[in-house]
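J.: Kindly generate the corresponding structure for this input.
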Amino acid sequence: MRMLRNSWLCCSLLAPTMLASACDTASTDDQPTLEARVLVGEVDGTDIVLGALVDGDRFAVYQCGGDQTVETHTDWFRGEFDGDAFDIEEQGLRLTGTRSVDGLDGELIEADGTRHSFHIDPVEDDDEAGVYISSEGGLSTGVVVLPGSDGLVAQGASCREPDECFQVIILAPLTIANQQIAGQVLVDGSTVDLEVSRTLVAPDGV
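T.: Sure thing, here's the model as predicted:
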């Protein structure tokens, strides 16, 4: 009889532990994840903007430099999430950080080790904010549209081989029609008209 009482006591002590373990597993599995396919943001302390396109665990980030950095910080990064972490490199520059339901948070690490923080916010698939691209006339163009203090703002660049990039001129006020934006770029002293379209997929070969 004593053995039965001891066995019952043992089981009663184990039961709460097993229950807590099951709850911990469930709470981990139920953590919200990033569902947005398009994200936009800025790199702190720089004139660089970022536009991310996510496809499951694969993603691409368009880094677009401003007036001071268009020639040195305009490129596409591609990679995969390792869990919720990422660490990708292109042309000596690294983007490292994590994803969450609130977007992507991380750092841009320069070749000399200088670090700049960034946060990229999710936007809806049909939002006007996002990433716009085109490829024509030997130019690969990308434009990032993101919310500003007075409405949407846009920053873009057109690049040609070998890695020669030019700032895209977008006339004010910013006009988006049928998910397209008209702009201009000055190449070799000549003005080239162009039109970029919003995309959910990163372009190939750039």
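J.: how near is the residue nearest to Gln91 when sequence neighbours are not counted to Leu174?
T.: Once flanking residues are discounted, Gln91 sits nearest to Asp75: 5.8 Å by C-beta to C-beta, 6 or more residues apart in numbering. Every residue, glycine included, has its C-beta placed from N, CA and C. For Asp75, the distance to Leu174 equals 24 Å [C-beta to C-beta, to the nearest Å].
J.: Then Leu50?
T.: Distance of Leu50 to Leu174, given as C-beta to C-beta: 18 Å.
J.: Check which helix or strand the residue nearest the centre of the chain maps to.
T.: Residue closest to the average C-alpha location in the chain (C-alpha atoms, centre = their mean): Ala52, at 2.6 Å. In this assignment (DSSP states H and E), Ala52 forms part of strand 49-55.
J.: circling back: which one of Asp75 and Leu174 has more residues nearby?
T.: Taking neighbours as other C-beta atoms under 10 Å, Asp75 and Leu174 compare with Asp75 leading, 19 against 16.
J.: so who does Glu107 touch?
T.: Leu95, Thr96, Gly97, Arg115, His116, Ser117, Phe118 (C-beta atoms under 8 Å, 6 or more residues apart in numbering).
J.: Now do the same contact list for the closest residue in space to Gly106 that isn't next to it in sequence.
T.: Excluding the flanking residues, the one nearest Gly106 by C-beta to C-beta, 6+ apart is Gly97, at 1.8 Å. Neighbouring residues of Gly97 by C-beta under 8 Å, 6+ apart: Ala85, Phe86, Leu104, Asp105, Gly106, Glu107, Phe118.
J.: of those, closest to Gly130?
T.: Ranked by distance to Gly130 (C-beta to C-beta), the contacts of Gly97 are led by Leu104 at 14.5 Å.
J.: quick check: domain ranges of the chain?
T.: Here the domain parsing of the chain from automatic domain parsing is 1-28, 38-199.
J.: need those in a markdown table with mean pLDDT, can you?
T.: Shown next, in a markdown table, are the domains of the chain (pLDDT from 0 to 100):
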| stretch | mean pLDDT |
| --- | --- |
| domain 1-28 | 43 |
| domain 38-199 | 96 |
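J.: Quick one: neighbours of Glu164, just the number.
T.: Glu164, neighbours per other C-beta under 10 Å, totals 11.
J.: What distance do you get for the residue nearest to the centre of the chain to Glu110?
T.: For Ala52, the distance to Glu110 equals 19 Å [C-beta to C-beta].
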